[in-house]
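Novice: one predicted model, sequence on top.
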Amino acid sequence: MSEEPRATIGVAAVDDDLMLLQGLSSWLRHAPQLRLLACSSTVDDLLAGPGRTADVVLLDLLLKDGSAPESNVTRLRAAGPLVLVISTLAAPAAVVDTITAGAAGFLSKDHPLERLVEAIGEVAAGGCVHSPEMAFALAHDDRPQRPRLTPRELQVLLDYASGLTLKATARRARISPHTAKWYLDQVKEKYQRAGRPAFTKLDLAARVREDRLHTPAPTA
């Protein structure tokens, strides 16, 4: 039985690094599952052209026009496309602001292009790209209403809140169930101190949604 053809993902990019845009245009020709619709240096230009119909927009965090990253994400999401934020250098607070505004993840530009293609597919499928850079930014988010979670706490929270049992969560993290429970207790305590109690699994899932810490549903 032949497999059904994979749907093509429409991609657009907003970046004022012309060298990167030219390289991206050339390289994506070798990714048959992706179709590059447009490259622009500003969100205004992208939304005025065919890029507004893209499934996923690659958005540089800091553009030379001085536009606010979170505002750029909000405008793109309002127009329809999903957003994956990319950057060379990024302050953790700026990354968190874009995730809060609706971006589906963050990747630094030092990742190989193969990883970028994977990330675009994850975003197009409704997932969130949880890179080490994003985990670091979330862990260092110092706003009082949002607990500062360590990368391990974040991993355990996401897996457990997505529907995995405590044992399955521990197995995925390669730790014991007792240690996984300890991490969850730490997460609950941090949310309690932030004035946002999370006593149950449903509460934790709600905090994940509120803080836009979404992760794809587990497949096993």
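Specialist: Thanks, I have it.
Novice: need the contact list for A124.
Specialist: Residues near A124 by Cβ atoms under 8 Å, 6 or more residues apart in numbering: 9, 55-56, 82. In this view, the C-beta of every residue, glycine as well, is placed from N, C-alpha and C.
Novice: whoops, F106 was the one
Specialist: Counted by Cβ under 8 Å, 6+ apart, F106 has contacts 61, 84-87, 90, 95, 98-99, 129, 131, 133-134, 137.
Novice: lowest average confidence, helix or strand, in the protein?
Specialist: helix 132-139 (a mean of 72; mean pLDDT, DSSP states H and E).
Novice: report the inter-axis angle for the helix or strand just after that one versus helix 132-139.
Specialist: The element immediately downstream of helix 132-139 (helix or strand, assigned by DSSP states H and E) is helix 151-161. Angle between the axes of helix 151-161 and helix 132-139 is 90 degrees (criterion: axes from the mean of the first three to the mean of the last three Cα atoms, to 10 degrees).
Novice: buried ones in helix 151-161?
Specialist: 152-161 (16 or more other Cβ atoms under 10 Å).
Novice: in TSV, list the residues you listed along with distance to P50.
Specialist: Output for those, formatted as TSV (distance: Cβ to Cβ, whole Å):
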residue	distance to P50
R152	43
E153	42
L154	37
Q155	38
V156	42
L157	39
L158	35
D159	38
Y160	41
A161	38
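Novice: domains for the chain, by residue range?
Specialist: Using automatic domain parsing, the domains assigned to the chain come out as 9-138, 143-210.
Novice: can I get the buried residues of helix 151-161 in a markdown table with pLDDT and distance to A194?
Specialist: Listed next are the buried residues of helix 151-161 as a markdown table, based on pLDDT from 0 to 100; distance: Cβ to Cβ, whole Å:
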| residue | pLDDT | distance to A194 |
| --- | --- | --- |
| R152 | 84 | 19 |
| E153 | 88 | 13 |
| L154 | 85 | 15 |
| Q155 | 85 | 19 |
| V156 | 92 | 18 |
| L157 | 93 | 14 |
| L158 | 89 | 18 |
| D159 | 90 | 21 |
| Y160 | 93 | 18 |
| A161 | 92 | 16 |
